[in-house]
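In: Fold the following.
(chains A and B)
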Amino acid sequence: MKQYITRRILILIPELFAITFIAFIFYSLMGDPFAELRANPFINQSYVQYLEKAYGFDKPVIVRYFFWLSQILRGNFGISAVTGEKVIDLIKRAMPITLSINIFTFTFSLVVGVIIGFFTALRQRSFIDNFFTVLSYIGLAMPTFWFALMLMILFSVKFHWLPPGGFMTPGMENAPFFARFLDRLKYIVMPFIVLGFGGLTGWVRYTRSSVLEMLKKDYVRTARAKGLPESVVLRKHVFRNSLNPIVTLFFLSFPGFFSGSAIVEQIFSIPGMGSLVIGAVMNNDYMVAMASLVFYSTVLVLSLLIADIAYVFLDPRVKFS
Amino acid sequence: MQEIEIQEIEKKKEASTYFKKVIERLKKDKLAMVSLFFLILIFLFVIVGPIVYRVDPNQIKLNEVLQPPSRLHPLGTDENGRDELARLMYGGRISLLISFAVTFITGLIGAFIGIFAAYKKGFVDLTLMRINEIMMTIPEFPILVVAAKIRIVPSSILKLIIILVIFGWVGIARIVRGEALSVVEEQYVEAAKAIGASDMRIIFKHILPNTFHILIVWSTLRLGGVILSEASLSFFGLGVQPPTASWGNMLINAQTYIWNAQWLVFIPGFMIFITVLLFNFVGDGLRNAMDPKFFR
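Out: Reported below is the predicted structural model:
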């Protein structure tokens, strides 16, 4: 067990190395991050040259990569080429916004989705089951973008109930806590519906099929045959076992937690992580883009690792290999 | 030699009755059949539609911008006064074309890699699967946003197809490899090897047909997925470039007009939604028909 985990963690190092290397080469094709500064007549060209040198832009991309890597390993994520702010500060500002939306949405859709999935599996082909089956088909086929825009048309354009985007009414920064909370809530409703709907139908689908799988197992039949009360059979034999794939999926969907849905953030103009990355790429701000990529892929590989380990823990039949 | 032939013939006979059974089962699936019918209607709409409804989708009329649906323009006009119905038909052609091209190429490449890995085993298998894993851990979204900015190939449609194939083969390669692992152990593969058939012949003539049912189901479900991807990639500027219409870029362009031209948002999005939904229904029907285990 220990050996397996150690080996898996050691594999992460070359893996992250490969990912950042490929991404770095790829990002270097993005364009000149200093183009804007160079075009600005009020900026001394020697300053631009100084910046180029400081970032290693006078050297080939491979050399630049190792330069960048050594900086990252020392915890220096660099400075945004556009605003001049520290990259780490930009991430510190965007992250809580993405998290505040995602924690709320994710927890809700997971808990409610698993409960609904469990009960619809027990009442297969009932009205409620059919209802959620249809809903999950709709969730799968609906373009996120369209859903968000339709909500906006309904709530903002037709009824004027909710603001069409943003994250806070200007001037609310210093309002009392409760007023600020209510203000936040108004902005969060639509992203919550869009993200939550997709998440909820997904969890319902996974849980339902997992429970149906368990209900067919021999040990469930045995448990019933030996006269266990149905509630015990369901709770101890069916529900617990059907949670295994759900836990794995939970960890696999974990990275999305931090990255934020770029589409939803863009549509509702929420200044979270997704918007940060898009903005950085649009402005050739490759320090910001690379830093968020490093952050994101680290979370991704760690989640995959945890998912694998959790899988082994939950199902003792799985052998380490 | 003869025994191999007999085996092959039996296999073929089995296959033909198998597909007959599949079609029979599929015919009983009402939802799948109705979906198939409506899908065909959508195909007719985009393929035959422009022949009947002869309006230039790219003709700009600045005195007819953002008109709501009327007799002259059944679905209204967009911000450049272009006829929305005509654009919907031509856009559908592009969207469906991309969807079929991507699915076909991805399926072919993914299946080949999956089978090749399972057939060669050992080092080749290990290497291909490692590459596969690295592809899975590369965060897709930031790469896509950057790809949108770089000029790789002159045509935006070609670029879109290439990108979707690069990120798409991973899943199906895994699935096919899993299935092929058991197929390569079959006697007829061994027999083919024994009579000196080339690797490519074994892969294409013996293993591929036996993983075909997986590919068909995967493709049907993937067709809808690609249409959705095209729409979201349009959002990041990676989609089909104007003036060529696609359902994706029509929807994305419309977001500016949610205040005064809601039909421009609703129509392309609805077409995407309904087409993907129908593909999924047919795909699920096919899966149930091909694998009786799914009948619960």
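In: can you list the weak-confidence ranges in chain B?
Out: For chain B, the stretches flagged by pLDDT under 70 are B:1-4, B:8, B:11-15, B:292-296.
In: how about the helices of it, start to end?
Out: With DSSP state H as the definition, chain B shows helices at residue ranges B:2-28, B:30-47, B:49-52, B:84-120, B:122-137, B:140-149, B:156-183, B:187-194, B:199-201, B:212-235, B:247-254, B:262-290.
In: Looking at the ones you listed, which one is packed in the most?
Out: helix B:247-254 (a mean of 27; mean count of other Cβ atoms under 10 Å in any protein chain shown). The way it works is simple: take the backbone N, C-alpha and C, and place the C-beta from them, glycine included.
In: Near chain A, which residues of chain B are found?
Out: Residues of chain B lying close to chain A (Cβ under 8 Å from any Cβ of the partner chain) are B:134, B:136-139, B:141-143, B:145-146, B:149-150, B:224, B:228, B:231-232, B:235-236, B:251-252, B:254-255, B:258-259, B:262, B:265-266, B:269-270, B:272-274, B:276-277, B:280-281, B:296.
In: So residue A:76 belongs to a helix, correct?
Out: No. Going by DSSP: H, G, I helix; E, B strand; the rest coil, the assignment for residue A:76 is coil, not a helix.
In: Could you tell me how many residues sit around it?
Out: 13 (other Cβ atoms under 10 Å in any protein chain shown).
In: Please identify the residues of the stretch 201-321 of chain A in proximity to chain B?
Out: Checking the stretch 201-321 of chain A against chain B by Cβ under 8 Å from any Cβ, the hits are A:212, A:255, A:259, A:262-263, A:266-267, A:274, A:277-278, A:281-282, A:289, A:292-293, A:296-297, A:300-301, A:304.
In: Could I get the contacting residues of the nearest residue to residue A:25 once chain neighbours are set aside?
Out: Spatial nearest neighbour of residue A:25, excluding adjacent residues (Cβ to Cβ, 6 or more residues apart in numbering or on different chains): residue A:61 at 6.1 Å. By Cβ atoms under 8 Å, 6 or more residues apart in numbering or on different chains, the contact set of residue A:61 is A:24, A:25, A:28.
In: out of the residues you listed, who has the most neighbours?
Out: Using other Cβ under 10 Å as the neighbour criterion, residue A:24 leads the contacts of residue A:61 with 20 neighbours.
In: per-residue pLDDT, that one?
Out: Note on residue A:24: pLDDT of 84.
In: wouldn't residue A:110 be in contact with residue A:199 here?
Out: Yes. Residue A:110 is in contact with residue A:199 according to Cβ atoms under 8 Å; the separation is 7.2 Å.
In: These two: which is more packed in?
Out: Using other Cβ under 10 Å as the criterion, residue A:110 and residue A:199 rank with residue A:199 on top: 22 against 19.
In: distance of that one from residue A:84?
Out: Distance from residue A:199 to residue A:84, counting by Cβ to Cβ, to the nearest Å: 37 Å.
In: Could you do residue A:48 as well?
Out: Counting by Cβ to Cβ - residue A:48 and residue A:84 are separated by 13 Å.
In: next one: residue A:267
Out: 29 Å.
In: ditto for residue A:166
Out: 25 Å.
In: residue ranges of the helices in the stretch 151-300 of chain A, please?
Out: For the stretch 151-300 of chain A, applying DSSP state H, counting those that start in this stretch gives helices covering A:177-215, A:218-225, A:230-232, A:240-252, A:254-259, A:262-267, A:273-282, A:286-314.
In: Run the chain-centre distance for the first one.
Out: Read that as helix A:177-215. 14 Å (Cα atoms, centre = their mean, to the nearest Å).
In: For stretch A:245-257, list the C-alpha coordinates in CSV.
Out: What follows is stretch A:245-257, C-alpha atoms only, in CSV (Å, rounded to 0.1, in the frame of the first residue of the first chain):
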residue,chain,number,x,y,z
PRO,A,245,-18.0,4.9,-8.0
ILE,A,246,-19.6,8.2,-6.7
VAL,A,247,-16.7,8.8,-4.5
THR,A,248,-14.2,8.2,-7.3
LEU,A,249,-16.3,10.6,-9.6
PHE,A,250,-16.3,13.1,-6.8
PHE,A,251,-12.6,13.4,-6.8
LEU,A,252,-12.4,13.3,-10.6
SER,A,253,-14.7,16.3,-10.8
PHE,A,254,-12.7,18.1,-8.1
PRO,A,255,-10.5,20.2,-10.4
GLY,A,256,-13.5,21.9,-11.8
PHE,A,257,-14.1,23.2,-8.4
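In: tell me how far that stretch is from the chain's mean position?
Out: Worked out by Cα atoms, centre = their mean, stretch A:245-257 lies 10 Å from the chain centre.
In: next one: stretch A:28-47
Out: 33 Å.
In: tell me the centre residue of the chain?
Out: I went with chain A, as the question did not name one. By Cα atoms, centre = their mean, chain A has its centre lying nearest to residue A:256, at 1.1 Å.
In: right idea, wrong chain: chain B
Out: Short answer for chain B (Cα atoms, centre = their mean): residue B:223, at 2.7 Å.
In: separation between residue B:276 and residue B:209?
Out: For residue B:276 relative to residue B:209 (Cβ to Cβ), the value is 29 Å.
In: Give me the more crowded residue out of residue A:267 and residue A:84.
Out: Counted by other Cβ under 10 Å, residue A:267 and residue A:84 do not tie: residue A:267 has more neighbours, with 23 against 7.
In: Might one say that the more buried one is in contact with residue B:256?
Out: No. The criterion here is Cβ under 8 Å, and residue A:267 misses it with residue B:256 at 11.8 Å.
In: residues in contact with residue B:272?
Out: By Cβ under 8 Å, 6+ apart, residue B:272 lies in contact with A:143, A:146, B:95, B:227, B:228, B:231, B:247, B:248, B:251.
In: give the contact list for the last one.
Out: Residues near residue B:251 by Cβ under 8 Å, 6+ apart: A:143, A:145, A:146, A:149, B:231, B:234, B:265, B:268, B:269, B:272.
In: Now tell me what touches stretch A:207-219 from outside.
Out: A:113-114, A:116-118, A:120-122, A:124, A:129, A:132, A:220, A:237-239, A:241-246, B:296.
In: Let me see the contact set for residue B:206.
Out: B:183, B:188, B:189, B:192, B:197.
In: Kindly apply the preceding question to residue A:90 instead.
Out: A:80, A:83, A:276, A:288.
In: now for those, which pair is the farthest apart?
Out: A:83 and A:276 (11.4 Å; Cβ to Cβ).
In: So for these two, which residue has more residues nearby?
Out: A direct count of neighbours by other Cβ under 10 Å for residue A:83 and residue A:276 places residue A:276 higher, at 27 against 13.
In: re earlier: in a markdown table: the contacts of residue B:206, plus distance to residue B:61.
Out: A markdown table is the format used below for the contacts of residue B:206 (distance: Cβ to Cβ, whole Å):
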| residue | distance to residue B:61 |
| --- | --- |
| B:183 | 58 |
| B:188 | 64 |
| B:189 | 63 |
| B:192 | 64 |
| B:197 | 63 |
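In: out of those, which one sits closest to residue B:18?
Out: residue B:183 (14.8 Å).
In: and the closest one, how far is that from chain A?
Out: 23 Å (Cβ to the nearest Cβ, to the nearest Å).
In: Settle this for me: that residue is touching residue B:213, isn't it.
Out: No. The pair residue B:183 / residue B:213 is not scored as a contact, 11.6 Å apart, by Cβ under 8 Å.
In: Now the residue in chain A that chain B sits nearest to: phi and psi?
Out: Residue of chain A nearest chain B, by Cβ to the nearest Cβ: residue A:146 (3.1 Å). When quoted as degrees, to the nearest 10, the phi and psi of residue A:146 stand at phi -70, psi -50.
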